[in-house]
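> Please work out how this folds:
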Amino acid sequence: MKTERLSILACLTIAGALAATALNANAVNLPPKEKFKLVVLTGQSNMAGRGKIDPSDNKAHPRVLMLNREGEWVPCVDPVHFDVNGSGVGPGKAFAEALADSDPSITVGLVPCAVGGSSIAVWEPGKEFQKGKTKWHPYDDMVARVKKAKESGTLTAILLHQGESDCMKRNGYLYQARFPAFVERMRRDIGAEGIPLIIGGLHTKTCAGWFGKILARTQQDTCEKLYGPGKYIPGKDWPLEADNVHYTGASQREFAKLYFDAYKDVAALLAKDPGYYKKAAENLPTIPDNCKIPADQMKSVPATLPEKVEKYVFPKGRPQ
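Predicted structure coming up:
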């Protein structure tokens with residue numbers, strides 16, 4: 001009986017040691033806060049990523065982490081996002097690896113916040129969005145996750161790809177008010193004053209024509225003039241998956257290079273003049289007369305907009 005008890009005790013001890021070893025294997029050591037550079041990924045499915053994952057190429061970089069669904073820092077491998085089952089390759093991982101390789105003293109932490117299929121109208125406080133069997137609160141979830149991440153690191157960049165759900169008459173005109181208002185609110189609520197915002201343009205196959213041009217101009221005006229610092233990357237006609245909507249994994253890695261180049265450009269401007277973007281905002285752009293919001297859609301414009309957005313959308317005053 002005594003021998004039997006010792007054997008059980010030995011087994012429990014070994015099992016405990018193995019569990020501790022497994023736990024330690026998954027644990028990550030976070031660097032000092034100032035050396036842990038946070039990158040927020042936001043928008044819809046082409047930021048979340050739907051590209052096919054190549055297991056042979058899906059290895060974790062020793063200095064790139066991601067915030068998982070449970071709010072824990074884990075080694076970064078695709079899929080970074082979890083908005084749908086079967087999420088795939090987006091631009092986040094490749095961008096983070098390029099940023100980490102540019103400075104051996106830092107670790108990069110990705111904060112995934114994108115939700116596939118989400119129009120800009122649901123990126124407002126309190127708005128709910130049904131995706132599959134899950135009810136998301138895209139804006140509120142993003143703010144909560146970024147605040148959680150900032151407990152450990154320093155906000156460094158925001159990457160955004162959004163608009164496929166708005167590239168139509170029903171939403172396109174209103175985008176000119178909703179998108180800059182979203183960016184103004186986001187910067188304020190996550191404490192992102194002076195943080196580079198890099199926006200990737202839409203593929204011409206999924207967002208061509210009149211409203212594609214409206215969205216592109218609005219995104220560029222917003223991140224480069226109204227609420228900088230930032231840079232807009234025109235959409236590329238790179239290969240798409242079979243659904244003709246989502247970039248392939250290879251296309252996403254190419255896009256990541258452009259995101260990183262744009263980030264470096266903005267960082268260089270900030271290093272030269274930390275307030276350069278405030279000067280750019282002194283001469284506010286305005287939307288062209290031929291793009292003004294139709295009278296029948298005015299009821300959908302928020303009653304109050306940030307002062308810059310009001311002047312941008314209604315340069316001659318809000319119509320009565």
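> Going by C-alpha atoms from here, please, whenever you check contacts or count neighbours.
Fine.
> Run through the helices of the stretch 1-150 of the chain in chain order.
Along the stretch 1-150 of the chain, counting by DSSP state H, counting those that start in this stretch, helices occupy 2-26, 45-48, 92-101, 138-149.
> mean confidence for the longest one?
Pointing back at helix 2-26 there. Mean pLDDT, computed over helix 2-26, is 40.
> for stretch 277-296, same thing?
91.
> Pull out the buried residues from that stretch.
Buried residues in stretch 277-296, counted by 16 or more other C-alpha atoms under 10 Å: 277-278, 280-281, 285-287, 293.
> Would you mind putting those into a markdown table with distance to S300 alongside?
Below are the buried residues of stretch 277-296 laid out as a markdown table (distance: C-alpha to C-alpha, whole Å):
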| residue | distance to S300 |
| --- | --- |
| Y277 | 30 |
| K278 | 30 |
| A280 | 29 |
| A281 | 26 |
| P285 | 22 |
| T286 | 20 |
| I287 | 18 |
| I293 | 10 |
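> In helices only, show me these.
Secondary structure defined by DSSP state H assigns 277-278, 280 of the buried residues of stretch 277-296 to helices.
> Among those, which one sits closest to S87?
Y277 (35.1 Å; C-alpha to C-alpha).
> tell me the contacts of the closest one?
The neighbours of Y277, taking C-alpha atoms under 8 Å, 6 or more residues apart in numbering as the test, are 224-225, 227-229.
> Among those residues, filter down to the buried ones and hand me the ChimeraX syntax, if you would.
To isolate the buried subset of those in ChimeraX, counting by 16+ other C-alpha under 10 Å, use the following:
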select :224,225,227,228,229
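> from the contacts of Y277, which single one is nearest L38?
For the contacts of Y277, the nearest to L38 is P229 (16.5 Å; C-alpha to C-alpha).
> ok, back up a step: out of the contacts of Y277, what pair is the most spread apart?
Going by C-alpha to C-alpha, the pair spanning the contacts of Y277 furthest: K225 and P229, at 7.9 Å.
> And G200, its phi and psi?
The phi and psi values for G200, taken as degrees, to the nearest 10, are phi -90, psi 130.
> Show the end-to-end separation of stretch 312-320, please.
Using C-alpha to C-alpha, to the nearest Å, one end of stretch 312-320 lies 17 Å from the other.
> Not counting its own residues, what contacts that stretch?
Outside stretch 312-320, the residues that reach it (C-alpha under 8 Å, 6+ apart) are 176-177, 284-287, 292, 310-311.
> which residues touch V40?
Contacts of V40 (C-alpha under 8 Å, 6+ apart): 110-113, 146, 155, 157-159.
> Which ones among these lie within strands?
Under the assignment DSSP state E, those contribute 110-112, 155, 157-159 to strands.
> and those as a markdown table, adding pLDDT, distance to H203 and neighbour count?
Listed next are the ones in strands among the contacts of V40 as a markdown table, based on pLDDT from 0 to 100; distance: C-alpha to C-alpha, whole Å; neighbours: other C-alpha atoms under 10 Å:
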| residue | pLDDT | distance to H203 | neighbour count |
| --- | --- | --- | --- |
| L110 | 98 | 24 | 28 |
| V111 | 98 | 24 | 29 |
| P112 | 98 | 22 | 26 |
| L155 | 98 | 28 | 24 |
| A157 | 98 | 23 | 21 |
| I158 | 98 | 20 | 21 |
| L159 | 98 | 16 | 24 |
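> Just flag the most distant two among those residues.
Once C-alpha to C-alpha is applied, the ones in strands among the contacts of V40 give P112 and L155 as the farthest pair, at 13.2 Å.
> Which residue ranges make up the domains of this protein?
1-30, 32-313 (automatic domain parsing).
> looking at these, which is buried most?
domain 32-313 (a mean of 19; mean count of other C-alpha atoms under 10 Å).
> Just the endpoints, please. Distance across that domain?
Note: domain 32-313 ends 43 Å apart using C-alpha to C-alpha.
> quick check, distance from that domain to the centre of its chain.
4 Å (C-alpha atoms, centre = their mean, to the nearest Å).
> quick one: secondary structure of I199?
With DSSP: H, G, I helix; E, B strand; the rest coil as the basis, I199 sits in strand.
> hang on, K231 is in a strand, isn't it?
Yes - counting by three-state DSSP, K231 is part of a strand.
> Look up which residues are beta-bridged to the closest residue to it other than its chain neighbours.
Spatial nearest neighbour of K231, chain neighbours left out: I198 (5.1 Å); criterion: C-alpha to C-alpha, 6 or more residues apart in numbering. Assessed by DSSP bridges, I198 has beta-bridge partners L159, K231.
> Identify the residues contacting I198.
Neighbours of I198 in contact, by C-alpha under 8 Å, 6+ apart: 157-160, 223, 230-233, 259, 262-263.
> ok, now which ones touch H246?
Neighbours of H246 in contact, by C-alpha under 8 Å, 6+ apart: 45-46, 49-51, 240.
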